[in-house]
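Trainee: Sequence plus the predicted model coming up.
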Amino acid sequence: MNAMRLGEWVELLREKAGGMPGLEGVGDGLAGLVLEPASLQPYLHFRRGRYTRNLIYRDARLEVLLNCWDAGTFSPIHDHDGQECWFSVQSGAFVLENYTLEAGGLGPGPARLGPPVRVGPMGAGFVDFRCPEAPIHRVTATGGPAVSLHVYAGPVDRCLVFDTRRQRCVSRELRYHSVFGRPLAPLPEAPAPSVPL
Ligand SMILES: [Fe+2]
C-alpha cells in the first residue's frame, strides 16, 4: 500500500477536528504513520546546529507543524501552554525526557521538577502524547537529520521553559521558521540554537 500523503492526512485531521470537541483518536491514527517523504518536501528546512519549526496548517482548534532537526540538537525543557500535543517521528531518531512537576511551574517563577524519565531512542512511526496532566518534556534528536510531525489542540503560541539548576521557569514566545512552505525573514535578535516546540 502506498504511504499517505501529508495533504491527505491533514484533510482527515481537519474533518476529525470539525466533528468533535478535542481530538480524540488522533494518537491511534498517528501510531506507526510514516507519511510519503516527497509530500513533506515543502516543509523541510534544515539549519546547522539547530532545529526549525515549520507551519503546515493552523485554525482556532488545530495547529500542525513539521520540525526539522540537525543531529544532536535538542529543545529546552518545556510545557505546551495547557494544550494537548502529539509528536510523531517521521525520520531519524529521538530521545524524549519526561518530567513531573514537584512544585511551582504553573506560571513564570519558581519551578521544581522531578528526575527525568527517558524514552528512546525512538524511530519513525513512534508517537508521544503530552497532555495538561503531564505536559513537560525535552526532546533530543539523537540521529539525524531528523523530522517530527506535531499536532496541537489548539494552537500553542507560548510555553514555559524550565531551568532545572536554578529551579525556575520563564515564558517564551514561539516562532515559525517557515509558514505554509515559505521561509520567514530571520528576526534581528537571533533565537537560541534550539527553540522550544
Ligand atoms: Fe514538546
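Mentor: That came in fine, so what should we check first? Numbering: from 1, shown residues only.
Trainee: List the buried residues for the helix or strand Pro121 falls within?
Mentor: Element membership for Pro121 (DSSP states H and E) is strand 117-122. Within strand 117-122, the residues that qualify as buried by neighbour count (16 or more other Cβ atoms under 10 Å) are Gly120, Pro121, Met122. In short, each C-beta sits where N, CA and C put it, glycine included.
Trainee: Okay, Leu30 and Phe74: tell me how far apart.
Mentor: Distance of Leu30 to Phe74, computed by Cβ to Cβ, to the nearest Å: 22 Å.
Trainee: Please apply the same query to Glu102.
Mentor: Distance of Glu102 to Phe74, given as Cβ to Cβ: 22 Å.
Trainee: Kindly report the same for Leu66.
Mentor: As judged by Cβ to Cβ, Leu66 and Phe74 stand 17 Å apart.
Trainee: Between these two, point out the one with more neighbours.
Mentor: Between Leu66 and Phe74, Leu66 has the larger neighbour count (other Cβ atoms under 10 Å), namely 25 against 18.
Trainee: Can you classify that one by secondary structure?
Mentor: Using DSSP: H, G, I helix; E, B strand; the rest coil, the three-state assignment for Leu66 comes out as strand.
Trainee: and it, what is it in contact with?
Mentor: Shown here is Leu66, whose contacts under the criterion Cβ atoms under 8 Å, 6 or more residues apart in numbering are Leu40, Tyr43, Leu44, Asn54, Ile56, Gln90, Val147, Ser148, Leu149, His150.
Trainee: Now with 10 Å, please.
Mentor: The contact partners of Leu66, taken as Cβ atoms under 10 Å, 6 or more residues apart in numbering, are 6, 35, 40, 42-45, 52-56, 88, 90, 147-150, 177-178, 181.
Trainee: phi, psi of the nearest residue to it once chain neighbours are set aside?
Mentor: Once its chain neighbours are removed from consideration, Leu66 has its nearest residue in Tyr43; the separation is 4.1 Å (Cβ to Cβ, 6 or more residues apart in numbering). With angles defined as degrees, to the nearest 10, Tyr43 sits at phi -110, psi 0.
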